[in-house]
Structure formats: C-alpha cells, structure tokens
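[1] just the structure for this:
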Amino acid sequence: MKSRRSQFWLLGVAALLAAIALLWQTGWLDRAANPAPDAAMGAPARGGRLIATYRSEPQTFNRLVSPRAPEELVRLLTHGSLVRVNRVTQQLEPRLATTWTSSADGRNWTLTLRDDVRFSDGTPFTSADVVFTFRALYDEKAAGVMASTVRVDGQPLRVTALDDRTVRVDFPEVHGPGLAMFDGVPILPRHKLERYLDAGTFQEAWSTTTPPSDIAGLGPFMLDEYVPGVRLVFTRNPHYWASEGGVRLPHLDAIELRIVPEQNAEVLQLETGSADVINDFVRPEDLTSFNRLAEQGRVQVVPVGASINADLLWFNLVPGAASAAGRPWLQREELREAVSHAVDRQAIVDTVYLGEAVPIEGPVTPGHGIWYAGDIPIRSHDPARARSLLQSIGLEDRTGDGRLEDAGGRPARFTILTHKGHTLRERTTAMIQQQLAAVGLQVDILPLDSGSLNGRFKTQDYDAMYFSVSADSADPMAASQFWLTSGGFHFWHPAQTTPATAWEAEIDQLMTRQAVTLDVDERRRLFAQVQRIFADHVLAMTFAAQRHTVVMSARVHGATPSVLSPPVLWNAEALSLRAPAPR
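    Numbering: from 1, shown residues only. Sure, this is the predicted structure:
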C-alpha cells in the first residue's frame with residue numbers, strides 16, 4: 001500500500017507540474033502575475049476612436065498596383081476578401097465566401113457568396129465584382145504587382161460567375177495552398193473601377209489625391225480623411241456584413257492612423273497614452289519600461305513568438321548594375337559567404353536584441369513552424385575564413401593599413417542602405433560595419449526613409465540593402481515573389497524574364513513543384529531543398545530573428561496579436577475600447 005500511495009503521490013505531483021507548465025505556456029501565469037487592466041479600466045464599450053501609429057504612408061489606395069506594407073494595411077481596413085487565413089491560428093476562414101467545394105482532383109472550386117452584402121457606398125456586392133477583380137488583377141496594362149502571387153505554375157486562374165451568388169474558380173494545376181492564396185486579394189467594386197480598367201488607366205485609379213468619397217470597399221472601415229504626412233482616418237463602414245454576438249461590427253467608430261516616421265516617437269506616444277497601438281513589435285530595449293507600465297495597468301505586454309519576417313542583407317546582383325562597374329567583386333558569391341562568416345550572429349542577438357532573438361542562417365525562421373528546415377547549419381563566426389574567401393576574389397591588404405584593395409589598388413568599399421528611424425536595423429548595420437572592418441572591408445551605412453529606399457530599389461541604384469522580407473502567412477507560397485525569379489521581391493535581382501543562375505532556376509522548379517501538390521509532407525521536403533540551395537549560394541544573408549512582443553494600451557479590448565504584421569490591426573473589426581473605471 002505504501003508503494004501504491006507513493007505512486008499516486010508521484011502521479012499527483014506530475015499532474016500538478018504538467019498543469020503549471022500548461023498555464024505557463026498559455027500565458028495564464030503571466031496574466032495572474034500581471035493582471036489584465038480590468039481593475040483600472042471599465043468594460044469595453046461600443047464606439048470610440050482608436051489611435052494607431054505607422055512609420056510610412058501609402059503611395060496609392062489601389063492595392064492591386066502596389067506591394068507595399070502601408071497599402072496592405074489600408075486593404076485590411078477597407079476591403080474584404082473571399083476567405084481569410086487567421087493570423088494566429090493559420091486556419092482558413094470564410095469571409096465574403098461562406099462555403100466552398102472542390103472537384104476530386106482539387107483543380108476546380110465552387111464558392112458560395114454571402115447574401116445581402118453591400119459596399120461602403122451602399123452598392124450591392126455580387127459575383128460580377130469577383131470576376132472584375134480577377135480581370136483587373138491579371139490585366140497586362142494594369143500591371144498589377146499581385147498577379148504573380150495568384151498564379152499557378154505561372155498561369156492565371158479562370159474565375160467565372162455561375163450566378164450572382166456563386167463563383168467557379170478553375171486552377172490550371174493542383175495548388176497546395178488552395179484557396180488560401182485568396183487571403184490577400186481585395187474584392188474591388190466594379191462600379192467604381194471598371195471604367196479605369198477599360199481605359200487602360202487602372203494604374204492611376206484611386207491615387208492618394210482621390211477624394212475618400214470616391215473609394216468604396218467591403219471592409220469594416222472606410223477611408224474618411226487623408227492628410228499627407230500627418231494621418232489617415234478610417235470610420236465605421238455602415239454596411240459591413242459581419243456581426244459578433246448579435247452586434248454589428250466593427251465596434252469602433254473610427255481608427256486614426258498617425259504617420260510617425262521615427263520609432264522613438266512612436267514608442268513615446270504609446271508610453272504617454274497618446275496612442276493605443278504601434279503597428280510594429282516592441283524593441284527589446286523598450287521591454288523593461290513597458291513591463292513597468294503593465295504593472296501599473298497602463299499597457300498590455302503580449303509575447304507572440306519568433307518573427308517570420310527576418311531582416312536581410314543583400315547585394316545588387318542585377319547584371320550590368322551601375323554599382324558593380326569597376327567593382328565586379330560586389331556580385332561574387334565568395335563575397336557574400338565572406339560577409340556571412342565575418343558577421344557574429346550571436347553578438348547581434350546579445351547586443352542589438354538584448355537576447356530577445358535567435359541566430360538564423362536564412363530567411364525562413366523557427367517562427368515558420370513546419371516549414372523551417374532546422375537542420376541547415378548556421379555559418380560560424382570565422383574571420384579567418386572570411387579573409388581567405390576575400391583573398392580568393394583578389395581583395396587583399398596591399399598597403400598594410402588593415403584595409404583591403406582590389407588588384408587595381410581601389411579600396412574594397414561599398415554602401416549599405418537601411419531603414420532610417422528603425423533602430424534595430426540601424427544598430428545591426430552598425431555592427432555589420434564594425435565586424436566587416438575587422439576583415440578589411442570598408443562599409444558606409446546610409447539610412448533612408450522607406451519611400452527613398454523603395455525608389456532606390458526600383459531604379460537599382462544601390463550596392464547593398466538591409467531591409468525586411470514581409471509575409472502575412474508562414475506558407476512558402478505567401479512569399480512566392482521573394483523566392484521566384486520572376487517576383488518583384490526577388491530582392492537581389494527582381495523580375496527576371498529567365499533565371500539568371502542555375503541554382504535560381506532550380507529554386508523556381510522546386511517552388512513550382514511544391515505549389516502543385518496537396519501532400520503537405522512532400523511540400524515540406526521540397527521547400528527544405530529550396531532553403532538548402534539558398535544557404536549554399538548565400539543569395540541573401542540573415543543573422544537573427546527577433547522574438548516578438550506586442551504592446552497595446554490597456555484600453556484596447558478584443559485584440560488577438562499575431563507574429564505577422566500588422567500584429568493588432570489585422571483583425572480591426574473585433575477591437576473595442578475600455579472606458580476608465582469610475583473612481
């Protein structure tokens with residue numbers, strides 16, 4: 001009996017420890033030690049204006065013609081999609097389409113649309129708007145940047161209206177992600193935009209000078225005001241279709257998006273209560289002060305996991321690029337491998353991220369879950385190996401001053417452009433500059449605002465850039481414009497008509513193969529090969545993936561923060577505000 005009692009006692013202790021572990025993993029213990037702000041704030045109420053900040057502003061209100069993050073945020077607030085991939089669960093959810101069925105081979109889908117849905121201007125939504133959207137998406141004159149992400153094996157989908165409430169979608173091949181590829185496609189109003197498409201001027205439609213009253217969408221909010229460089233104001237869409245608990249969404253009257261280009265200023269607004277949300281993740285150096293504010297019930301601090309949008313360093317590999325004139329070594333694979341060995345990833349994790357990051361070798365991070373090939377070795381910090389690689393391409397210290405020169409005596413020097421005001425990127429590039437100097441490379445750092453960076457990228461006027469690849473899903477096809485040589489975000493050499501290198505051609509083939517199978521294990525295997533090729537040829541360098549934390553005002557209710565951007569406003573219709581509790 002004593003033995004059995006001991007066994008029961010041990011089982012009880014094990015069960016208790018398991019329960020504690022579960023509570024810790026789910027964040028319950030954190031919330032118990034740092035309670036929710038209910039004690040300082042009252043119950044959530046309908047109405048009110050949420051104040052958010054953003055560091056850049058849209059260049060157009062037409063999402064189909066711009067790939068930029070500000071345009072995507074406007075899309076999330078003002079437009080609807082057929083389906084949505086939940087940013088937290090990664091599950092496919094019905095939106096404008098309520099149900100769907102597929103053929104046995106997975107190539108043909110029939111979608112049923114919601115009844116009695118209207119655009120923000122009151123015009124009824126029908127299948128004709130869906131067909132029009134895909135026509136605009138693929139129109140060559142419209143030159144829509146999203147078209148490459150909504151193709152299968154390079155071919156467009158065929159979208160047909162069967163009746164006002166039914167749409168048929170024919171895929172040219174089986175497509176692994178299936179309908180999830182529609183998550184980011186805004187369904188646009190035919191009655192507003194068809195005349196532009198017919199006239200061949202779709203690129204100019206809905207510019208930032210368009211009166212807000214001329215823009216209509218199916219999202220929870222509608223654009224009410226835009227003051228360039230200052231703010232965008234979105235007000236409740238009175239015709240939005242969704243409800244929660246019998247209450248029509250959205251809960252908020254308005255969202256004011258303030259343009260605050262500098263990150264320190266954003267943080268200050270959140271700390272002082274001037275803003276409710278910053279549309280980025282909190283920097284590691286700000287965590288201590290925000291944790292203190294959380295203890296006072298003024299903010300909420302929510303860890304969300306490892307980033308899937310790693311910052312990258314890449315060189316301009318466009319053949320004939322002006323940057324490589326007289327410096328052919330700038331486009332050599334040995335240079336990229338040398339840089340990767342010269343940079344101390346762990347030092348970046350410890351110094352820039354204060355330990356709130358993990359070292360990584362490629363753009364796929366542990367945050368990608370099943371898609372992360374964790375067996376790819378991370379290049380070691382090896383300055384001697386870096387010097388040997390540099391010497392192999394003719395870069396040597398010919399004057400004895402510790403700096404490298406090429407065979408003609410010209411200094412081995414280049415410039416890295418990065419995001420002005422983004423302190424993590426600025427600090428990382430400063431460390432890269434220091435560590436490359438240790439192996440003789442001279443590096444200049446030029447921080448620019450996002451608009452200027454985008455302009456320099458478009459004109460290929462740069463040596464190297466340190467910026468981010470942004471995806472709204474962990475699925476590899478969400479970043480197809482990055483992986484495929486034809487993609488506009490194939491940073492080092494975008495929009496190739498044919499692959500410039502054999503290994504890029506192989507990546508194209510592998511990405512195409514994994515996209516046209518429904519077998520998830522096979523897709524994972526093929527994508528792991530993509531990651532290995534990428535690492536072998538150092539097409540771009542990544543050093544660390546931040547462990548993300550979201551901070552919000554204590555008065556924000558209903559948020560489900562995600563590791564994907566935008567971390568809070570992706571589900572803006574569910575947000576509400578708490579009023580201060582009566583004293």
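[2] can you get me a residue count around Thr485?
    Neighbour count for Thr485, taken as other C-beta atoms under 10 Å: 19. Every C-beta, even on glycine, is put in place using the N, C-alpha and C of the backbone.
[3] and for Gly355?
    The tally of other residues near Gly355 (other C-beta under 10 Å) stands at 10.
[4] in which helix or strand does it reside?
    Take DSSP states H and E as the rule and Gly355 turns out to sit in neither a helix nor a strand.
[5] find the nearest non-adjacent residue to it, please.
    Using C-beta to C-beta, 6 or more residues apart in numbering and skipping residues adjacent in sequence, the residue nearest Gly355 is Val349, 6.6 Å away.
[6] quick one: that neighbour from Pro359, how far?
    Remark: distance between Val349 and Pro359 (C-beta to C-beta, to the nearest Å) = 6 Å.
[7] kindly report the same for Met222.
    Applying C-beta to C-beta, one obtains 44 Å for the distance of Met222 from Pro359.
[8] neighbour count for these two, which is higher?
    The neighbour count for Met222 versus Pro359, taken as other C-beta under 10 Å, is higher for Met222 (24 against 17).
[9] circling back: in whichever helix or strand the residue nearest to Gly355 is part of, what's buried?
    If you go by DSSP H and E, Val349 is part of helix 345-351. Buried residues in helix 345-351, counted by 16 or more other C-beta atoms under 10 Å: Arg345, Ala347, Ile348, Val349.
[10] please name the nearest non-neighbouring residue to the first one.
    Just to be clear, that refers to Arg345. Spatial nearest neighbour of Arg345, chain neighbours left out: Pro359 (3.9 Å); criterion: C-beta to C-beta, 6+ apart.
[11] so who does that neighbour touch?
    For Pro359, the contacting residues are Arg345, Gln346, Ile348, Val349, Ile378, Phe543, Ala544, taking C-beta atoms under 8 Å, 6 or more residues apart in numbering as the criterion.
[12] next one: Arg158
    For Arg158, the contact set (C-beta under 8 Å, 6+ apart) comprises Val169, Asp170.
[13] one step back: isn't the residue nearest to Gly355 up against Ile378?
    No - contact between Val349 and Ile378 fails when scored by C-beta atoms under 8 Å: they sit 11.3 Å apart.
[14] so what secondary structure elements neighbour the longest strand belonging to the chain?
    When the chain is scanned for its longest strand (criterion: DSSP state E), the result is strand 544-553. With contacts taken as 3 or more C-beta pairs under 8 Å, 6 or more residues apart in numbering; DSSP states H and E, strand 544-553 sits against strand 277-278, strand 299-306, helix 345-351, strand 357-359.
[15] out of the ones you listed, which is closest to Tyr466?
    With C-beta to C-beta as the measure, helix 345-351 is the member of the helices and strands packed on strand 544-553 nearest Tyr466 (11.6 Å).
[16] check which helices and strands the closest one sits against.
    Helices and strands touching helix 345-351, by 3+ C-beta pairs under 8 Å, 6+ apart, are strand 357-359, helix 423-437, strand 544-553.
[17] and these, which is most packed in?
    Highest mean neighbour count of those: strand 544-553, a mean of 24 (counted as mean count of other C-beta atoms under 10 Å).
[18] partners of whatever helix or strand comes next after that one in the sheet?
    Downstream of strand 544-553, the first helix or strand assigned by DSSP H and E is strand 556-557. Sheet pairing here is set by DSSP bridges, and for strand 556-557 it gives strand 576-580 (antiparallel).
[19] distance between the partner strand and the chain's centre?
    Here strand 576-580 is found 29 Å from its chain centre; the criterion is C-alpha atoms, centre = their mean, to the nearest Å.
[20] many thanks, I have nothing further to ask.
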